[in-house]
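> structure for the following, please:
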Amino acid sequence: MPNTRAEENNGFGPLYKPRGYGSIFASAFIIFIYLAFTLFLEKSNTRQSWNVYLFAVGFSFLALLIGELIRRFCLFTEEYRHLDARYEGSFKKAGRALFGFSNNALVCVLTCIAIIIAGVFCNENDWASFNPDYVRVFFLNAVFMPIFIYIVGLRDPSTVEYSQNNEKQNKNLADGLAWSFYFGYLKFVLPALKGQINESEKYRFEIDVQKLFIILPKNCQVFDKISNEDTDPQKLIKDEENLPPLRKNRGGIQDRIYRHTVHSITERKPGGKDKKHYCVMEYATPLMTLFDMSDDRNAGLSREERDQQVVLFISKLKQILDEDKECKGKYELVTFSGEAGQDLAKIMIDNLKNPALEMEHHQG
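Numbering: from 1, shown residues only. Prediction:
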């Protein structure tokens, strides 16, 4: 039975969707179930029994907080050696990097509540009858266990957590490539594309879909010409001419020239009545970087990681462009596997004959 998911998007496979808050909801649900069972099983339901629970929660939180601070202090002993190089010799910057929490205000509030709970419990109990085992368990959880867990590696984030944090903070390789592609190229060429097409006397009426088709092979193989034996075995795609150039002062270069090439795609029809479609399309050049990195062992990017990064790149690029009113609706992402023998001409014709694009053309 064929893998239909792998065949999606012309063999590219399914595209990632942004992660939601499922893990937060699952955590809240588990806490709710725990509290419900605790309430159900607590038969005595006396003030003293609930004080014990409050005491346990308060002291456990303080133990975890102290343990986390001790663990971060251990990290500081290494960062101190790099104080000048990484933090400009500033203890304040190093402290913020090491001892800051993502929710500082919430942590402070919970810490104050935990201290109050612990103080009230200690005040209401006779110190002479205070169980010393509480102190031993507290310091076991506050000092020994956090350091032990850190040393054996149980504190390391999972692959999912690492990926999730990188996505939220735009720290994936794919995020950087997508932002660079946007700021360095698409942000100014997409809004100007329609004007360039209309300046061309030859193609202003030939190009029905006045968008930039960005070609995205999953294997990241980007060729010098779109028409090649691997992706266009029937030689149906042809480089025609360039549109009038876009000139822009950029990076110290005066009148830097940006060109778009018009391509024709021949649609074979019965009876020899072939039809030519004209469009502006080009590869997403950042994919060349991903391919080169996966091909160079010094870059440390495996093929599996490259496959993940190219999907993330597409998702991020679409998000960026759709949030820019000047770019939204002026591009189409064409995904396919990129494997030899795949017919890019047919894929492009299917895209150009997409009813949604035809409707946009007639409305325009």
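> what's around R71, how many residues?
R71: 17 surrounding residues under other Cβ atoms under 10 Å. The C-beta positions use only the backbone N, C-alpha and C, and glycine is treated the same way.
> show me the contacts for it.
Going by Cβ atoms under 8 Å, 6 or more residues apart in numbering, R71 touches 146-147, 150, 155.
> let's see that with 7 Å instead.
146-147, 150 (Cβ atoms under 7 Å, 6 or more residues apart in numbering).
> find me the pLDDT at it, would you?
pLDDT for R71: 87.
> then H361?
Looking at H361, its pLDDT is 54.
> only the buried residues of the helix or strand containing L106, if you could.
L106 belongs to helix 104-124 when elements are defined using DSSP states H and E. Using 16 or more other Cβ atoms under 10 Å as the test for burial, helix 104-124 gives 114, 117-118, 121.
> between those, which sits nearest A345?
Of all these, A114 has the smallest distance to A345: 66.4 Å, by Cβ to Cβ.
> surely the closest one is in contact with G58?
Yes: under the criterion of Cβ atoms under 7 Å, A114 makes contact with G58 at 4.2 Å.
> circling back to that earlier point, so which elements touch the helix or strand just after the helix holding L106?
Sequence order places helix 132-139 as the next helix or strand after helix 104-124, per DSSP H and E. If you count contacts as 3 or more Cβ pairs under 7 Å, 6 or more residues apart in numbering; DSSP states H and E, helix 132-139 packs onto no helix or strand.
> how far out from the middle of the chain is helix 132-139?
44 Å (Cα atoms, centre = their mean, to the nearest Å).
> repeat that for stretch 110-126.
43 Å.
> so for it, mean pLDDT?
For stretch 110-126, the per-residue pLDDT averages 78.
> do the same with stretch 222-234
On average, stretch 222-234 scores 84.
> that stretch: which residues count as buried?
Of the residues in stretch 222-234, those buried (16+ other Cβ under 10 Å) are 222-223, 226-227, 231-232.
> in the helix or strand encompassing F61, which residues are buried?
According to DSSP H and E, F61 maps onto helix 47-79. Residues of helix 47-79 classed as buried: 55, 58-59, 61-63, 65-68, 71-72, 76 (neighbour count, 16+ other Cβ under 10 Å).
> am I right that H277 is in contact with I265?
Yes: assessed by Cβ under 7 Å, H277 is found in contact with I265 at 4.7 Å.
> domains in the chain, by residue range?
22-156, 172-353 (the TED database).
> distance from the chain centre to the shortest one, please.
By that I understand domain 22-156. Worked out by Cα atoms, centre = their mean, domain 22-156 lies 31 Å from the chain centre.
> and what of stretch 173-189?
For stretch 173-189, the distance to the chain centre is 14 Å (Cα atoms, centre = their mean).
> per-residue confidence averaged over stretch 21-34?
Mean predicted lDDT for stretch 21-34 stands at 82.
> picking up where we left off before, now the contacts of R71 as JSON lines including distance to K328?
Converted to JSON lines, the contacts of R71 look like this (distance: Cβ to Cβ, whole Å):
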{"residue": "P146", "distance to K328": "48"}
{"residue": "I147", "distance to K328": "51"}
{"residue": "Y150", "distance to K328": "46"}
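> buried among these? Need that as a selection in PyMOL.
Buried residues within the contacts of R71, by 16+ other Cβ under 10 Å, are selected in PyMOL with:
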select buried, resi 146+150
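> closest one to E201 out of the contacts of R71, please.
Y150 (69.1 Å).
> next up, the contacts around the closest one.
Contacts of Y150 (Cβ under 7 Å, 6+ apart): R71.
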